Structures are given as structure tokens and as C-alpha cells.
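S.K.: pasting the structure only:
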């Protein structure tokens, strides 16, 4: 993996700094201008790891174990954002120092490391977690020790915490607009729901079912769940062939995806014959599945690497300069990149690193430089964001074919969908 | 019997060292956060001493101790979750008063089998009895049919997998992959505070030390001798008229109960329970604790659990990218270089020196048999068993 050696090249490092500086006009000058940074005693009244020159944050993902493949993108994106912020002078005049901890795909370890970061290291904020299980494991720790977590993954909703900013979509943001698009553009009336068997697909499909049956007056012709890591989808494929749904709606995650799409293709179910919309395949997953196996299928996300706007072009360029030309950026990776920027904007608005002040100042924080476009933090600590439909290309990228006209309001406890 | 030999015979010296370490040195040495971590490691210590009894003494290798650890933990977590789910804090749900994950899975009433877990005494009994009953059923079915060795180990792995799939699949009743999280109070006592964590640590350490004494007592009894004899020459014991399978069932149930207690203490100290603690990988890790510590030594197993878990924490904090390799190197190294674990290391290198120094001072050889409790009960053994057979277990572990 010689690509990963590139950042050590002094020329490239300099280029990165230049890129960071190029991003400067986009975010506006720091609010305190060129004056001296505010005194530490003023910006840190809660014994956080903040000095006159430095602020320490934590990063808590799985660098090892089964989730490492998924979480690596988030680790990289957060590091990139932090490097860029540091190149611009840091936050309130203080450089960001990162303490990396490995959750090792193991939920008790996540809880242990979260406690370590908050209790022993007194970090000002933590960027991390990926699976719902890991978030659920650390949530009581963050609430008890009053920490701040920036959580990047799209997830099932049904949660809201003072101590968490959810930078990914909650379920309704990802599902409802996409289903409406499927009805309008693809005339889909009958749906077959497929998912991995855990809380996120189950909750997502519950919302999808309510929306299809109650609001779209369509029908569900099948609903199937398979254990995580399941690789034999023959019986499912037979059922799909038998029921001939207008739309196969998928939330199959992780390694199962590879088997699922290969077997679909082998059984002759391809994009020409079957409309398939997934809420669980991003550019990251396509790397494993192979572009030729998903070609022509649709994915419902808020971000695709191919988005054509100046923010995203700069982001993709900086990401590839740091992590190699073959690096791909999926929906969650972009959401992870937002975390440090949103935190920076919030700290500067609050004029303080204190968690209580950040939690209070978060509502209304907007980011015009987000690669996905404009985002804003809702009082419920989720992001207002758009929904998009991507058409899978054989090269592993998605072509954006539709986009919600307005930002969609996050609604983690949707009425009428319970 | 002089007090000194009594002292030596019962291994009390090393027990006292451990007690001193756990009850005095660690609390003085570590801050609250580290002490809580040690508490977590010690909850694995229960599983490790259970494995010493089952594997080291009984000769039965179980690769499914995570099942019993998990069951104990879940029984505790169910009680705590019900207490945390009172109608006022859960009023945002469609059905207030039931655990949040049930509400997410469209359950509208508490399942009947959850109801008894509202009562602490029931939950505490269940922590011990549920693992014991399951172990009895599995053990009875297997050992009566004389299934043993590798086959038994494989079956315990299968049970582990079945329970994991069951928990994940029935998420409306069990919390699924996420497990049972967000536990707050035990009979109104907030288990998340620093003081609660310290108290729980001492409860854990105290129970563990007591469990070691009980297991030590079993080892020294006729039962312990029989277990050893059975491990080495099962047929001879059977032909002498003993019901071998029931002894195995007993020791299997004992290890399950210990694992259950460990699981419950884990839940109390960590604040949640999830299927990731039940699976095949944690079950095998638990065997490694015993192997590193020395599978014939109760005290050694506790050190093994402490060392492996402390290693995990230390390596993963210091070398986030490399730590799994370092852990693997530790395991391979220990198994290759010291097949008898830490306890074996102590027996081979440290103890002879201590003995030598003493013998030069006292000018009298330390009587070897006195170090081993087995011979004292030999007169109660059936004639088919020789001293040699019963004693072999003490030295040879292969």
C-alpha cells in the first residue's frame, strides 16, 4: 500500500497545508481575528484538557476487528478535518491534539475507552463510534461524565441526547424521500423489504412499511431478515423471483452484501430486470462487492463522492492527496469529516470549550463548507440535510440522479411511524 | 500438624498475598477509573477459577463459558433494565414502563418471563441458577452418553453460537446486538457513581477471594481427589463403582455458577450486557485467562485474567494499531515457553529457591508431600487408585 506513504513526503505535506489554507476563505476568518487567543481560564471552566496552545480531543473507532473496514474511512476523514483546522490556526487559537483509542469492534472496550478519554484524559470532545451497538454502549458514559460525542453514521433514530451530535441521517431522513422518489419516478407500488437482522434495518423497515402502506397506499409483498454475516441468499432470491416486486428495498450490511449482490447477479436479477433501492451501500461497500455486481442499482444517501460542488471537489482532492488516489469516500466518511468542523464552529460560537455551553450552542450551527452542501444542527442535535439518489456505475462510483429540493428536517421520534 | 505445615498445605500464603493485593494495594495504587477496570478484569477471574476446576481438575475443556457468563450477566441486566424503565423516564415511548428496546420492536407489554426479574432476590438467584440449570442439562445429556474431550469442547462452542443467534434474533425480548444498555440503579442505588464503583470493586474482590477458598476446599476434599483421578484414569474410577458422569456434571455446574456470578458483577461494573460477551471469541479468551495463569492453580488463574486483560488495555492504549499482534505474541509466547502458565513458572523457578533458602536456614528438607494435599485423603480412595495416579495431576499438565 505505497499510496499510504505519500503523506510523509514533505512536498505533499506542504501541499496539504496549502490546501488547508486554500480552504480558509470558504469558512471565513476566525471570529477573534488576529488578536491573542482568549485566556484558558475563560474558555475552560470544567477542567478539560485545554492549555494556552493546545486542546485535546479523542477519537474512538474500531481500528481492528470486524468493523475496522467500515470505520477506517471515518478515522481518516476526522484526521483530515483536524489537520486542516490546525493548518488554519486551530480552534480559539489552540491546536487540536488527538488521542486515538481503538474500540476493537468490541462494545465493552468502547465503553472502557470512552470512560478513559473522559475521566483520565479530560478530552474536550470525542469523534467516534460507528455501529449502533457501540454508541449504545458509550452513551451512558457520555451522559454520566458529561462528554461530547460526534457520531457519524446514519442510524435508526429513536435517540436524542444532550451529549451527542448526530452528523449522519436518522432513519426518516434517509427513507421517506427516497421512497417517494421510487413511487414517483419508478412507479413502484409493490415492495420487497430485505435487511440484516439487527436494530437499524428492523427500525428502518418498520418506517418504510408504515410509509408505503399508510401514505403511499402501496403494498409490501415480502419482508426478510438475515443474521449479520449471512452469505446464502438463494431462498430469498427465489422469493423475489416468485413475488416479482416493483422494488427490492435493501438494508443488508457488511460482508453479507458481497454474497447478496453476487448471488443476485448469478441468478439473473440485474438492473435491467429489477429495480433495487438500497439504504446500506455506499462507495465503501462497493469496493468489496465490485462495481460490476451492483451496476444499475440505486442507493439512497445524503452524500456521494461524485457530488459536483466546489466544497466536495476540494474535499475529495484533499482526501486523495492524503490517503492515495484510490481512496473512496462514502456517506459516513463525509459525515465523519463534518464532526470536527461542526465542533469548531460551535466552540467559536460559544466562546468556550465547556461541554454544557457547546451542547447549548449547537442548535442553529451551520456549515456552508460541508462537502454535502449546506448543513445545520437542529435543536434535537441531528443535522438538517438533503437526501439523494445515486445510480451505481461499474467503476464503483454513483451518479447522482435525484436530490431533495430542500433540507429535510431530522425527526428521530417520528409520529405515525411507531 | 504444626501451624506452618497447615499454612503451607492450604496455600494460604499465596491466597493472602492475592487478598492483600486486591484489597489493599490496588485500591491505594489506582484511581477510580483504573480500579473500575481492575474490577472488570476480576469479574473474568470467576470464569478463570471455574475453568481451573473444570479443565485443570476435571479434565473437561469447555469452550463455551461465555454462555454462562452471559446468562448471569443478562439475569442481572434484566433486573437493572426493569428498574431503569419506570413509566416516568420512559414516557416518550409508545408503551411507557417497558424497556426501550421492547418499545422499538413494537412490543406493547412486558413478556411474562421478564416479570419475575422485577424482584432482586429472584434476579440474584437466577444469576446462579440459570447457568447451573443449563449446565446441568447440557452436562447430563453429554456426560451420561460419555461424550468427552474434543467432542464436548465442540458442542460447547455450538451452544455458544446458538445462544448468540438466539439473543440477536429475538431482539424484542433481549435487546439484540445492542444488548441491554443504559443501566442506572440497583434498588435505588446509583451504580454509575465513583463511590458505587469502589464498593462494587470490593464486593467483587471479596466474592472472588471467597470463591477461591470454596474451590480450594473442594480441591482438598475427597471430591477433588476423585476429580483428578477421573481426569487421569477415568475408566479405573468408573470400575471402582463411582458414577463418573455425575462428578463431571457437578464440576461443570460449579464452573457455570462461578461464570454466572462473574457475569453479574461484570454487568454491575460495566453498565451493560451484550451478545458480544457470549460469543465464541470471548469464550476462547476466557480459556486463555486460565491457560496463561496456569490451569491447575486457582490463584494463578486470577493473575492470568488480570494480566491478559491489563495487557489488552495497556497495549490498546499505547499501540492502537499494533496491539492485537502484541496480544497474540503474548499468548503464543506463554503457551510455547511456559505450558503451565504463570503458576508453573512460579513452581519451577521461584518456589525451589524459596525452599532452598529455607532448608539451608532450617537445615531440614522441606517435605515434598506436604505441599500436595492429595495424599492426606488417600486412605479414603478406592484400592484401584494408587498414589502415583492421583499425584500425577499436580505436576504434569500436558
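M.R.: Yep, it's here. No experiment lies behind these values; they were computed from the predicted model shown. Numbers count the residues shown, from 1 in each chain, chains lettered A, B, ... in the order given.

S.K.: so does stretch B:155-169 get close to chain A?
M.R.: Yes. Using Cβ under 8 Å from any Cβ of the partner chain, stretch B:155-169 reaches chain A at B:165, B:168-169. Glycine gets a C-beta too; all of them are placed from N, C-alpha and C.

S.K.: figure out the helix or strand that the nearest residue to residue B:123 once chain neighbours are set aside lives in.
M.R.: Sequence neighbours aside, residue B:79 is the residue nearest to residue B:123 in space, at 3.6 Å (criterion: Cβ to Cβ, 6 or more residues apart in numbering or on different chains). Remark: residue B:79 resides in helix B:65-84, with elements defined by DSSP states H and E.

S.K.: check residue A:70 too.
M.R.: helix A:68-87.

S.K.: packing partners for that helix?
M.R.: helix A:10-22, strand A:54-61, strand A:95-102, helix A:283-289, helix A:310-323, helix A:331-350 (3 or more Cβ pairs under 8 Å, 6 or more residues apart in numbering or on different chains; DSSP states H and E).

S.K.: and the first one, average pLDDT?
M.R.: For helix A:10-22, the mean per-residue pLDDT is 47.

S.K.: what does the fourth one give?
M.R.: Confidence for helix A:283-289, expressed as mean pLDDT, is 90.

S.K.: now the following helix or strand past it: buried residues?
M.R.: Sequence order places helix A:291-294 as the next helix or strand after helix A:283-289, per DSSP H and E. Residues of helix A:291-294 classed as buried: A:291, A:293-294 (neighbour count, 16 or more other Cβ atoms under 10 Å in any protein chain shown).

S.K.: grab the nearest non-local neighbour of residue B:201.
M.R.: Using Cβ to Cβ, 6+ apart, the nearest residue to residue B:201 is residue B:39, at 4.1 Å.

S.K.: could you do residue B:251 as well?
M.R.: Residue B:251 sits nearest to residue B:58 (Cβ to Cβ, 6+ apart), 4.1 Å away.

S.K.: where does pLDDT dip in the chain?
M.R.: Since you didn't name a chain, this refers to chain A. A:1-35, A:418 (pLDDT under 70).

S.K.: that answer is for a different chain, and I need it for chain B
M.R.: In chain B (pLDDT under 70), the answer is B:1-10, B:355-398.

S.K.: quick one, strands of it?
M.R.: For chain B, the strands defined by DSSP state E cover B:185-186, B:189-190.

S.K.: quick check: the residue nearest to residue B:251 touching residue B:246?
M.R.: No. Using Cβ atoms under 8 Å, residue B:58 makes no contact with residue B:246, being 12.0 Å away.

S.K.: between these two, which one's more packed in?
M.R.: Remark: of residue B:58 and residue B:246, residue B:58 carries more neighbours, 24 against 13, as counted by other Cβ atoms under 10 Å in any protein chain shown.

S.K.: backbone phi and psi for that one, please?
M.R.: Backbone torsions for residue B:58, taken as degrees, to the nearest 10, come to phi -80, psi -20.

S.K.: same check on residue A:218?
M.R.: For residue A:218, the backbone dihedrals are phi -100, psi -170 (criterion: degrees, to the nearest 10).

S.K.: chain B versus that one, what's the distance?
M.R.: In this view, residue A:218 and chain B are 20 Å apart by Cβ to the nearest Cβ, to the nearest Å.

S.K.: what about that residue, neighbour count?
M.R.: When neighbours are counted by other Cβ under 10 Å, residue A:218 comes out with 21.

S.K.: so it sits right up against residue A:191, yeah?
M.R.: Yes. Between residue A:218 and residue A:191 a contact is recorded at 6.3 Å, counting by Cβ under 8 Å.

S.K.: go ahead and flag the most central residue of the chain.
M.R.: You didn't say which chain, so I picked chain A. residue A:332 (2.5 Å; Cα atoms, centre = their mean).

S.K.: chain B was what I was after
M.R.: Centre-nearest of chain B using Cα atoms, centre = their mean is residue B:47, 1.1 Å out.

S.K.: roughly how far does residue A:268 sit from chain B?
M.R.: 31 Å.

S.K.: so that residue: helix, strand or coil?
M.R.: For residue A:268, the assignment made with DSSP: H, G, I helix; E, B strand; the rest coil gives coil.

S.K.: hmm, back to that, residues contacting the residue nearest to residue B:123?
M.R.: B:117-120, B:123, B:186 (Cβ atoms under 8 Å, 6 or more residues apart in numbering or on different chains).

S.K.: of the residues you listed, closest to residue A:379?
M.R.: residue B:186 (34.1 Å; Cβ to Cβ).

S.K.: for chain A, what are the nearby residues on chain B?
M.R.: B:31-33, B:36-37, B:40, B:92, B:94, B:100-101, B:104-106, B:165, B:168-169, B:171, B:176-179, B:181-184, B:192, B:270-272, B:274, B:276-277, B:313, B:316-317, B:320-321, B:323-324.

S.K.: how about a cut-off of 7 Å?
M.R.: When proximity is defined by Cβ under 7 Å from any Cβ of the partner chain, chain B lies next to chain A at B:33, B:37, B:92, B:94, B:104-105, B:165, B:168-169, B:171, B:176-179, B:181-182, B:192, B:270-272, B:274, B:276-277, B:316-317, B:320-321, B:323-324.
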